[in-house]
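**Student:** how would this look folded up:
(chains A and B)
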Amino acid sequence: MVKVENEMTKEIALLVAKWKDKEGNLIMILHELQNYYGYVPRPAALELSRALGTPLARIYEVITFYNFFKLEPPGKNIISLCLGTACYLKGAAILLNEIKNLLNVEEGHTTKDGLFQLDVVRCLGCCGLAPVVKINDKVYGKVEKSQIMGILSEYNENKADQ
Amino acid sequence: MVRAKINNMPVTVDEGTSILDAAKQVQVKIPTLCKHPDLPPGAGCGLCIVKIKGSPKMLRACCTPLEENMDIITHDPEIVSVRRTVLELILSNHPNDCLQCGRNNNCELQSLVADFGIREESFQKFLPDCVKDDSTRTIVLDPQKCIRCGRCVKVCQEMQNVWALSFLERGFSTRISPAGDIKLADSPCIRCGQCSNHCPTGAIVELDETAKVWDALRNEDKYCVVQIAPAVRVAIGEAFGYPIGTNLTKKLYALLRRLGFKAVFDTNFGADVTIMEEGSEFIQRFAHGKGSLPLITSCCPGWVDFMEKFHPDMIDHFSSCKSPHEIVGVLSKTYYAQKKNIDPKKIYMVSIMPCTAKKNEIIRGEEMYASGSQDVDVALTTRELARMIKQAGIDFVNLPDEEPDQMLGDYTGAGVIFGATGGVMEAALRTAYYLLNGKNMDKLELNSIRGLDGVKVAEVPINGHKIRVAVAHGLNHVEYVLDQIRQAEKNGRELPYHFIEVMACLGGCVGGGGQPYGVTDELRLKRAAGIYQDDQGKEKRCSHENPFVQQLYREFLGKPLGEKSEHLLHTHYRALPVYVK
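**Tutor:** Prediction:
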């Protein structure tokens, strides 16, 4: 762990050196961190706060203001549930609740076991299939509430196989 | 100068004056929930909207400067109706438990809703799920009552430079919280309580510990004793309709006896002892070269916490002397107990303080248990005392004057000025001068370190030496002074100062986080004036002249910085992590 943190310190020192004198550097550094880790880990944010002399509170204000930035590691499988107009009218909100209940996760967050990340999106461009749920690259159309359990279990089984 | 009209009345104001402030000139009050006189405008609440005559557009008076020839309307049916809607929208996200709220009867939102005569809920209620945070055991954050005005965030970030609170997320999800939704106790929070003093609602209040004190007072096994801080006496009157700054010391003594305390002491006595110790510490460092200069005062627990978290490189400069109320606390359970033949375990010490951080100070380290048990059992704020007085059914205004209990009660003028910024320094210099010269200064007042400038400096000639001092208050003013020291140390230059006083709150303790609400600079100055008047009227105005302090050293402590003093009256500091999590 110490080694990892040392690497993180070095990584951040490089980023800070690169962006130090440029305007809007905090957002640019956060972008790079998120690209590298997939999210902004708290130790990285703390280290950045030290290196940049920017209070952690300000860094978190920026991270939480923009949807793009994440504070949790991305899930292994990304669920994109569409709440666009067509999907919404076809009952996507019911599907959303079902997924939240089954996985005990809020939108924008990752399940405790890290298996699923639940994202809400607007229109995946296949409104004819509404309501649509996409998991990773696989699209499920005309989904009904009763099917959710089965769809999710496909990914649970994958895990068991490994 | 800018000439314009507000509600058809001519006004002339300095360039840059906001419409909100300009309106006060013609006795017009524009309502606002986010603008506070201490803070820059935030344009958060939307209540202060006004119109320019002939234009349908509405402007926010708090952040719009009055311009030449503007013709402003502050109140018409449309404006009032928009303001009413804004209030109704705020209420749709605000719980209705006013009766059980820490700000009941003292809430800016409640007052405005009453003024607007809002009798119904016009919008469906939506209350976010959130939990109260009382982890600091000093202030309680209840995010559900937050109206997102941003005052606490500005206070915490800009006035105090602490950055414990922040606005996380946006839109409906916006909330005040430390970074990463951790508990306040795990954040950089220094418990200064300025957020609670500036919050317009009950979203941040002091942790109410009056129940503990009532229990102790009713417990016959306890010998309850009490002390009041300098700044409390000039602020408590605000809760009872007195003019601001009225000094009610003697009424408070009478009151505290009526509440059931067996002995009534004064923190000002402890301040006199602090000066004996800290003054001697300064002489040791300044004249005898023992220990590092500059010496930095340590009686403000918010400042101590701040230093331990953000500036631990200054630890060697800190005075090891405890704060005055801790001194009275430990002496009550040792010296007083011995002299009066009372079992110290039965003594229950209550400190009435202008400060929320004192609630944390009393448990901050093992030295706070120097008497063998916790030296101060509970610290109440001025606001909590006001509630106790009202609950007890005591007609405070008509109480007679009384005197404090002897041994730990009588004080000099130097003790009382601790309550205002610059006071500790002034008191210390009065005694340092005496210790170096063998006589008192000709003129005791040091006007250059009084008042509300963020950083005040002075050069005091003593015995052929020139003592350079600096006084800072409001933590955003501290960095400048500390950087000057660091620069000098780094470059091997002569130190800019020998002695530095820091108070976390603007104005010093008179502007403390536990003081009555509605603080402004005008109010800080009036409270301070009450304190300086007390000093002026005292026969003895230097700590070393206090006969009870002399008796204390003669009969119990020995000498300042002696073995017993070191054990009972001194503490040490350690670097703390800014974030625990």
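**Student:** Pass me the low-pLDDT residue ranges in the chain, would you?
**Tutor:** As the question left the chain open, I've gone with chain A. A:1-5, A:157-162 (pLDDT under 70).
**Student:** the residue most distant from the middle of it, which is it?
**Tutor:** Here chain A reaches farthest from its C-alpha mean at A:Asp21, the gap being 29.8 Å by Cα atoms, centre = their mean.
**Student:** Confirm that one sits in a strand?
**Tutor:** No - counting by DSSP: H, G, I helix; E, B strand; the rest coil, A:Asp21 is not part of a strand but coil.
**Student:** tally of neighbours for the closest residue to B:Ser166 other than its chain neighbours?
**Tutor:** Spatially, and ignoring its direct neighbours in sequence, B:Ser166 is nearest to A:Ala57 (3.7 Å; Cβ to Cβ, 6 or more residues apart in numbering or on different chains). All C-beta spots, glycine's among them, are computed from the backbone N, C-alpha and C. Under the neighbour criterion other Cβ atoms under 10 Å in any protein chain shown, A:Ala57 is assigned a count of 24.
**Student:** And the residue farthest from the centre of chain A, its phi and psi?
**Tutor:** phi -90, psi 10 (degrees, to the nearest 10).
**Student:** any idea how far it is from chain B?
**Tutor:** 21 Å (Cβ to the nearest Cβ, to the nearest Å).
**Student:** Pull the contacting residues for that residue.
**Tutor:** Taking Cβ atoms under 8 Å, 6 or more residues apart in numbering or on different chains, we find A:Asp21 in contact with no residue.
**Student:** what does chain A put close to chain B?
**Tutor:** Residues of chain A found near chain B (Cβ under 8 Å from any Cβ of the partner chain) are A:42, A:45-46, A:55-61, A:64-65, A:71.
**Student:** Show the contacting residues for B:Val304.
**Tutor:** Per Cβ under 8 Å, 6+ apart, neighbours of B:Val304: B:Ser298, B:Phe318, B:Glu361, B:Arg364, B:Tyr573.
**Student:** wait, which of these is closest to B:Val86?
**Tutor:** Nearest to B:Val86 among the contacts of B:Val304: B:Glu361, at 40.5 Å, using Cβ to Cβ.
**Student:** Spatially nearest residue to that closest one (excluding sequence neighbours)?
**Tutor:** B:Glu361's closest residue in space is B:Pro301 (Cβ to Cβ, 6+ apart), at 3.6 Å.
**Student:** now do B:Gly514
**Tutor:** B:Thr381 (2.8 Å).
**Student:** Helices along chain A, start to end?
**Tutor:** A:2-19, A:25-37, A:42-52, A:56-65, A:85-89, A:92-103, A:145-161 (DSSP state H).
**Student:** do the stretch 201-350 of chain B as well
**Tutor:** For the stretch 201-350 of chain B, the helices defined by DSSP state H, counting those that start in this stretch occupy B:210-218, B:249-259, B:267-287, B:301-310, B:324-331, B:337-340.
**Student:** Flag every buried residue along the last one.
**Tutor:** Put plainly, it is helix B:337-340. If you call a residue buried by 16 or more other Cβ atoms under 10 Å in any protein chain shown, then helix B:337-340 has these buried ones: B:Ala337.
**Student:** what sits up against that helix?
**Tutor:** Residues outside helix B:337-340 that contact it (Cβ under 8 Å, 6+ apart) are B:Asp343, B:Pro344, B:Ile347, B:Met407, B:Phe556.
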